[in-house]
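Participant: Structure of the sequence below:
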Amino acid sequence: MLNFETVGTRQRYTLCCRGVCAFPQISTDPKLVFANRRKSKTEDDIIHKKYVQSEDTYEFGPLLCGKNRDRYKEGRYPENMEKFNVVNTSPFESEVSFCFQNDANATTYLLDPPNMKLKPGEAQELSVWAYPKTPNEFKDCLVCCIRENPQPVQFAISCIGVRPEVELDKKVLQFDRVLIHRKDTRSLFIRNSTLLPVAWRVNGMENLGDDFSLSSDHGVIDQDKSAK
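Facilitator: Residues are numbered from 1 along each chain as shown. Presented below is the predicted three-dimensional model:
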C-alpha cells in the first residue's frame, strides 16, 4: 500500500500495489506429461510404456536387445518410442533444453528435439527413444533445464533389455528299440523364461530322413510360459 497526501490539505490517497514473483516453469503433473498412466504395479506385472505413479517412473518395459536404431526417427519400432507432453505453466516464455542424467553418450536413450521455446500456456511434444543393447535394466532421468530457472525438472525413466532365448527340459531324446511299422513318442518341453514372447523353429529335420517327425517345428511362446 502506498499513501499520498496533497501538500496543504488533509486529503490522503491510497494506491494498492500487487506483483507476482515467478520463474519460467513447465508442468510436472503426470496427467499432463504422460498419456498412459497407472497407479501401481505388482511384482508379476509387466509394464509396457506407462507412467507408474507408485514408482514415480515412466517405464518402457521389456525391449528386445540389439535392434538397429539407424533412422530411429522414422518410427520403425513404435514400442521403443514415446512422446512426452511439455507444457509451459508459467506467465513467461520458457526456453527448455533436454538431456539425460546418466546416458550422456546416448548409449540407450535418445530424444528429439534437444531444445524448445514455449509461450505461456503452450504445449509441445518431446520424443524419447529407448534402445537397450544388453540384457539388463536401465534407469535414468530425463533432465529439463529451463533458462532463468535454477531448479531443473526431472522425470525418471526405465527400460529392460531382453535377449530371446529358450530352455529345454532335456538335451537328448533317447528312443528304445522300436518294432517296424510301430510308433514311439517322446516329449520335449520348451520354456521361455524371458519377459517377451519368443518365436522358435527347429532346423535340420530333413537330415534325419522319414523315420523321425515332429508334432510342430515352429511356434511362439509367451513370456514365462512353456510349450510341448
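Participant: The residue nearest the centre of the chain: which element?
Facilitator: Geometric centre of the chain, nearest residue: residue 60, 2.0 Å, by C-alpha atoms, centre = their mean. Assessed by DSSP states H and E, residue 60 sits inside strand 57-64.
Participant: if I look at the residue nearest to the centre of the chain, how far off is residue 139?
Facilitator: Residue 60 sits 11 Å away from residue 139, going by C-beta to C-beta, to the nearest Å. In short, each C-beta sits where N, CA and C put it, glycine included.
Participant: anything in contact with each of the two?
Facilitator: Residues within reach of residue 60 and of residue 139 at once, by C-beta atoms under 8 Å, 6 or more residues apart in numbering, are 157, 158.
Participant: Provide a list of residues in contact with the residue nearest to the centre of the chain.
Facilitator: For residue 60, the contacting residues are 48, 49, 79, 80, 82, 130, 157, 158, 159, 160, by C-beta under 8 Å, 6+ apart.
Participant: cutoff 6 Å now
Facilitator: 49, 130, 159 (C-beta atoms under 6 Å, 6 or more residues apart in numbering).
Participant: And for residue 47?
Facilitator: 41, 59, 61.
Participant: I'd like those residues written out as TSV, with distance to residue 134 and neighbour count added.
Facilitator: As requested, the contacts of residue 47 are arranged in TSV below (distance: C-beta to C-beta, whole Å; neighbours: other C-beta atoms under 10 Å):
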residue	distance to residue 134	neighbour count
41	24	15
59	18	24
61	16	18
